[in-house]
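A.B. asks: Below is the structure, and that's it, no one-letter string:
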């Protein structure tokens, strides 16, 4: 499948401030895309796989990035987690 180009505009002042600390246009674009993917995943708007694809990272790399941002990859409610543990215990006893 092809790619779609999007455009992000920032003020010249912001760009100059970022360039002083080593941000190129490409780095700004890349980090913005990665953070956007993390945001969309956190809000349950994209699956983990699609968010990793948007970020242009391998799944493991994206999971590590989410971990750095303290965004959980698995977000169970307490009762759901208890049920998973119960199932795991039942299976291990079989």
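C.D. replies: Arrived safely, thanks for sending. Every value quoted in this text rests on a predicted model; they were computed, and no experiment measured them.

A.B. asks: where along this protein do the helices fall?
C.D. replies: With helices called from DSSP state H, the chain shows them at 12-20, 25-42, 48-55, 59-68, 78-93.

A.B. asks: Of those, which stretch is the most buried?
C.D. replies: helix 48-55 (a mean of 18; mean count of other C-beta atoms under 10 Å). Any C-beta I mention is one placed from the backbone N, CA and C, and that applies to glycine too.

A.B. asks: now it, how far from the centre of its chain.
C.D. replies: Counting by C-alpha atoms, centre = their mean, to the nearest Å, helix 48-55 is centred 7 Å from the centre of its parent chain.

A.B. asks: ok, now stretch 3-19?
C.D. replies: In terms of C-alpha atoms, centre = their mean, the centre of stretch 3-19 is set 20 Å apart from its chain centre.

A.B. asks: mean confidence score for stretch 46-58?
C.D. replies: For stretch 46-58, mean pLDDT rounds to 96.

A.B. asks: Cheers, nothing more for now.
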